[in-house]
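Q: I'll drop the sequence and a predicted model, then ask my questions.
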Amino acid sequence: MAEFTMPSLGADMDEGLLQEWLVGPGDRVRKGDVVAVVETDKAAIEVECFQSGTVGRLLVRPGTRVPVGTPLAVIEAEGAPVAGAGGPEEPVGAEAQAATPVAAGPAAEPVPRETVRGPARAAEPAPDSGTGPLVRHLALRRGVDLTAVHGTGPGGRITRTDVEHAAPAPAPRVRATPYARRLAADLGIDLTAVPGTGDGGAVRAADVRAATRKSTGRHEPERVTAPRRDGERHGRAAVPAAGLAEPRTDAMRRTIAELMSRSKREIPHYYLSTTIDFAAAGDWLRRFNRGRPPADRLAPAALLLKAAATAAREVPSVNGYWQNDAFVPGSAVDLGVAVSLRQGGLLAPVIHGADTLSPEALMAGLKDLVQRARRGRLRGSEMSGATLTVTSLGDQGVETVFGVIHPPQVALVGFGAVVERPWATGGMLGVRPVVTATLAADHRATDGAVGARYLTAVDRLLQKPEEW
């Protein structure tokens, strides 16, 4: 028997909100299966199970905020009897006391199975060793009969894509801020009928309030209810918006500010910068992209990430953590990549083993992470474990970016835009594409000479991308 606990999804996370269970008592899970969705101050993250077995008891209800390390469920070993699989299970004492509901209400209610997946659902297919809990959960939500789906995965395994293709086409998604969506749900407003005044026609909270006043013919005070969770048959009493937790974007910025303030207080930063001739890399990119469809072409970011990761393998002193007053080198080069979110804020999901990936694989991984980060569909393993972070504002036209180290890491690499500048080569002056690379590093772990070697390695690698 093992406990599935609230994971730490970053150095800035002290607690998390269990948003949704994707499994229930009696479900079989394998290591790496997504079993729950946890909401942090930055995003909603799909959390994987790190133990194979059968779900025994669910100890915490959806909608409950608990500290990192709090047991959320019990995973029984294969073949062991499953406690509580046949009915509701009371949370055990320690977990019930540690759990703090988001809104007022009983803290230690049972966790019935219908709370996990919602009432009045279609009959649930029996757990299948060839189908993961995330796929089964998606099939339930889309109303797809898994027995009628042809699996295209290894060994005929049904994948998420198979379920999505078998499901009816979803209704067009309305562009709206997260707070506007929550407010519309609380006030019973159909977002498809609300004209948006935000960027690109996005619906804002003010638009929802305006639609409320229009529909009622009077001013509607801003009152919202605690979000209703699957399986709850009765909503909670309405409370003023001032009594709610702050919108996620504000909470994210507060969390980022606290972490960066801590970083600047505790880490003795030093900064280095160099300008790199990008002509050779640009020529290689043009040759590689020639004749390829747009979706398969590489952007300069792929080469910059590859150079940053490979240089970190050559200069391992910048790749790791400062822990217990000592440098701990990373066992691999796991790049955190800063991603700006459309609604504001920042995430840094991880590309694991980046130095071992080709530029094509890095490009594909980067696209996938950016898309899912902005949709709020990242996994827990993609939000922790970075040994070095890369940030770039080149797409915004910024030529130089000096970052702040994300503790406990010891360095952060920055890249600006590729721009044309006067450049002397072989005694001749001409116009060449160049990019500025910067390094913010921890003086406890390295010094300027080590940092200089790292940036020199990045420069050298970008001059011969064909040798990667």
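A: It's in.

Q: which residues of the stretch 351-468 of the chain fall in strands?
A: 378-379, 388-392, 411-415, 419-425, 428-442 (DSSP state E, counting those that start in this stretch).

Q: need the winner for burial among those.
A: strand 411-415 (a mean of 26; mean count of other Cβ atoms under 10 Å). Where C-beta positions appear, they are placed from N, C-alpha and C, glycine not excepted.

Q: least reliable of the strands of the stretch 351-468 of the chain going by mean pLDDT?
A: Per-stretch averages of pLDDT across the strands of the stretch 351-468 of the chain put strand 378-379 at the bottom, with a mean of 88.

Q: just put the strands of the stretch 351-468 of the chain in a markdown table and tack on distance to residue 318.
A: Output for those, formatted as a markdown table (distance: least, Cβ to Cβ, whole Å):
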| stretch | distance to residue 318 |
| --- | --- |
| strand 378-379 | 25 |
| strand 388-392 | 6 |
| strand 411-415 | 4 |
| strand 419-425 | 26 |
| strand 428-442 | 6 |
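
Q: these: which one's closest to residue 281?
A: Smallest distance to residue 281 across those (Cβ to Cβ): 8.4 Å, for strand 428-442.

Q: strands paired with the closest one, and their directions?
A: strand 269-277 (antiparallel), strand 411-415 (antiparallel), strand 419-425 (antiparallel) (DSSP bridges).

Q: do you have the helices of the chain handy? List them.
A: 93-98, 113-117, 133-142, 160-166, 178-187, 205-216, 248-266, 279-289, 300-314, 359-375, 448-463 (DSSP state H).

Q: tell me the most buried of these?
A: Using mean count of other Cβ under 10 Å, helix 300-314 ranks as the most buried of those, with a mean of 24.

Q: report all helices and strands that that helix contacts.
A: helix 279-289, strand 335-337, helix 359-375, strand 388-392, strand 411-415, strand 428-442, helix 448-463 (3 or more Cβ pairs under 8 Å, 6 or more residues apart in numbering; DSSP states H and E).

Q: quick one: which of the ones you listed is nearest residue 204?
A: Residue 204 lies closest, by Cβ to Cβ, to one member of the helices and strands packed on helix 300-314: helix 359-375, at 17.6 Å.

Q: so where do the strands sit in the stretch 1-150 of the chain?
A: 2-5, 15-21, 28-29, 34-39, 44-48, 53-58, 64-67, 71-76, 100-101.

Q: for the fifth one, enumerate the helices and strands it packs against.
A: Yep, that's strand 44-48 we're talking about. Using 3+ Cβ pairs under 8 Å, 6+ apart: strand 44-48 touches strand 34-39, strand 378-379.

Q: tell me the angle the longest one makes with strand 53-58.
A: Between strand 34-39 and strand 53-58, the angle comes out at 40 degrees (axes from the mean of the first three to the mean of the last three Cα atoms, to 10 degrees).

Q: can you say which of the helices and strands packed on strand 44-48 is packed in most?
A: Of all the helices and strands packed on strand 44-48, strand 34-39 has the most neighbours on average by mean count of other Cβ under 10 Å, namely a mean of 23.

Q: each with direction, which strands does it pair with?
A: strand 15-21 (antiparallel), strand 44-48 (antiparallel).

Q: output the first one as PDB, nothing but the C-alphas.
A: Right, the one you point to is strand 15-21. This file holds the C-alpha atoms of strand 15-21, laid out as PDB (Å, rounded to 0.1, in the frame of the first residue of the first chain):
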ATOM      1  CA  GLU A  15      -0.300  24.100  -1.200                       C
ATOM      2  CA  GLY A  16      -2.600  23.100  -4.000                       C
ATOM      3  CA  LEU A  17      -6.400  22.900  -4.700                       C
ATOM      4  CA  LEU A  18      -7.600  19.400  -5.600                       C
ATOM      5  CA  GLN A  19      -9.800  20.400  -8.500                       C
ATOM      6  CA  GLU A  20     -10.900  17.000  -9.900                       C
ATOM      7  CA  TRP A  21     -10.400  13.300  -9.500                       C
END
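
Q: next one: it to chain centre, how far?
A: Centroid separation between strand 15-21 and its chain, computed with Cα atoms, centre = their mean, to the nearest Å, is 14 Å.

Q: ditto for stretch 456-468
A: 30 Å.

Q: picking up where we left off before, how about the strands of the stretch 1-150 of the chain in TSV, adding distance to residue 160 and mean pLDDT?
A: Formatted as TSV, these follow (distance: least, Cβ to Cβ, whole Å; pLDDT from 0 to 100):
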stretch	distance to residue 160	mean pLDDT
strand 2-5	21	90
strand 15-21	16	89
strand 28-29	16	90
strand 34-39	10	88
strand 44-48	11	87
strand 53-58	20	91
strand 64-67	27	91
strand 71-76	22	92
strand 100-101	31	42
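
Q: can the ones you listed go into a markdown table with extra columns for distance to residue 367?
A: Listed next are those as a markdown table, based on distance: least, Cβ to Cβ, whole Å:
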| stretch | distance to residue 367 |
| --- | --- |
| strand 2-5 | 31 |
| strand 15-21 | 26 |
| strand 28-29 | 29 |
| strand 34-39 | 21 |
| strand 44-48 | 18 |
| strand 53-58 | 33 |
| strand 64-67 | 33 |
| strand 71-76 | 32 |
| strand 100-101 | 38 |
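
Q: of all these, which lies closest to residue 437?
A: It is, among those and with distance given as Cβ to Cβ, strand 44-48, at 30.5 Å.

Q: give me the contact list for the closest one.
A: The contact list for strand 44-48 (Cβ atoms under 8 Å, 6 or more residues apart in numbering) reads 7, 9, 19, 31-39, 134, 376-381, 383.

Q: tilt between that strand and helix 359-375?
A: 120 degrees.

Q: by how many degrees do strand 44-48 and strand 71-76 diverge?
A: 30 degrees.
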